[in-house]
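Chemist: starting from these lines, generate the structure:
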Amino acid sequence: MAIFLDTGDINEIKKYFDMKVIQGVTTNPTILLKCGVTGGMEGIKRRTIEIANLIFPLPLSVEVTSNDPEEMIKQGKEFSSWGSNINVKITIHGPNGELYNLRVVNELETKYNVRVNVTAMMSAQQCLLAAMAGATYVSLFCGRVNNMGHDAKKELALTRRLLESHGLNAKIIAASTREIINVVDWLDAGAHIVTVVPNFLEGMIVHPYSKETVKMFLEDGFKINT
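Modeler: Below is the predicted model:
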């Protein structure tokens, strides 16, 4: 079981990497934009290489910026060449339901030896097909599943059973975390990995009763030494 930090912020990544509580990092164009990445593909390349070098050999997911099949393959090959620990995010299908994405996934994995994280999935059936296409990671957007009125924990458990019963090696990433409690709940439900934003990770560490207890210990320790 693992936690991947969902950010493109170098300082946040270094902080939690040094604690050894993360086992990877995930990004996407939206995340990189929020973290101040500009300059087009060169800007993405600079930040990607910086993160990949910082966390090596832990994995880093970087998402393609196009849904044209040939461009996805081109970007996938290029992104993976930036570091041996880089895998490439490809969405399950196009913005209008285009179906060629899984062909791209299979080609990247089998022909070009590029590790792929299939993303933006909302169901076990999507995850099953992505795994069958050869994906290394299948990302189920559990927070959005819950937002649609379904139980993400049941979908995770079903996905895990399907992958194991069919001998598929893809790792399940539970993404789109909405609450701190999602992390342990989704790992317990069957996710191999949960993506966590930095402030949620801080919330997992810091507890108000722990703060109260630490203060008491320090105050009593001071009294003993005076």
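
Chemist: measure how far the worst-scoring helix or strand of the chain on mean pLDDT is from the centre of its chain, please.
Modeler: Lowest by mean pLDDT, DSSP states H and E among the helices and strands of the chain is helix 29-34, with a mean of 91. Computed by Cα atoms, centre = their mean, to the nearest Å, the separation of helix 29-34 from the middle of its chain amounts to 14 Å.

Chemist: elements contacting it?
Modeler: helix 40-55 (3 or more Cβ pairs under 8 Å, 6 or more residues apart in numbering; DSSP states H and E). The C-beta positions use only the backbone N, C-alpha and C, and glycine is treated the same way.

Chemist: which strands or helices does the helix it packs on pack on?
Modeler: Looks like helix 40-55 contacts helix 10-19, helix 29-34, strand 60-63 (3+ Cβ pairs under 8 Å, 6+ apart).

Chemist: angle of that helix against helix 10-19?
Modeler: Calculated by axes from the mean of the first three to the mean of the last three Cα atoms, to 10 degrees, helix 40-55 forms an angle of 20 degrees with helix 10-19.

Chemist: which residues sit against helix 40-55?
Modeler: For helix 40-55, contacts defined as Cβ atoms under 8 Å, 6 or more residues apart in numbering pick out 8, 10, 13-14, 17, 22, 24-25, 27, 32, 35, 37, 39, 60, 62, 65, 79, 82-83, 85-86.

Chemist: cutoff 10 Å now
Modeler: 5, 7-10, 13-14, 16-18, 22-25, 27, 29, 32-33, 35-39, 58-60, 62-63, 65, 75, 78-79, 82-86 (Cβ atoms under 10 Å, 6 or more residues apart in numbering).

Chemist: any of these buried? List them.
Modeler: 5, 7-9, 13, 16-17, 22, 24-25, 27, 32, 37, 58-60, 62-63, 75, 79, 82-83, 85-86 (16 or more other Cβ atoms under 10 Å).

Chemist: buried residues, stretch 38-48. List them.
Modeler: Applying 16+ other Cβ under 10 Å to stretch 38-48 flags 44-45, 47-48 as buried.

Chemist: show me where the protein has strands.
Modeler: Assigned by DSSP state E, the chain shows strands spanning 2-6, 25-26, 60-63, 86-91, 116-121, 137-141, 171-175, 193-196.

Chemist: any chance of those in CSV, plus distance to residue 156 and mean pLDDT?
Modeler: Formatted as CSV, those follow (distance: least, Cβ to Cβ, whole Å; pLDDT from 0 to 100):
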stretch, distance to residue 156, mean pLDDT
strand 2-6, 14, 97
strand 25-26, 17, 98
strand 60-63, 19, 97
strand 86-91, 19, 98
strand 116-121, 11, 98
strand 137-141, 6, 98
strand 171-175, 6, 98
strand 193-196, 10, 98
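
Chemist: quick one: which of those is nearest residue 186?
Modeler: Residue 186 lies closest to strand 171-175 among the strands of the chain, at 3.9 Å (Cβ to Cβ).

Chemist: packing partners of the closest one?
Modeler: strand 2-6, strand 116-121, helix 124-132, strand 137-141, helix 142-147, helix 152-165, helix 181-189, strand 193-196 (3 or more Cβ pairs under 10 Å, 6 or more residues apart in numbering; DSSP states H and E).
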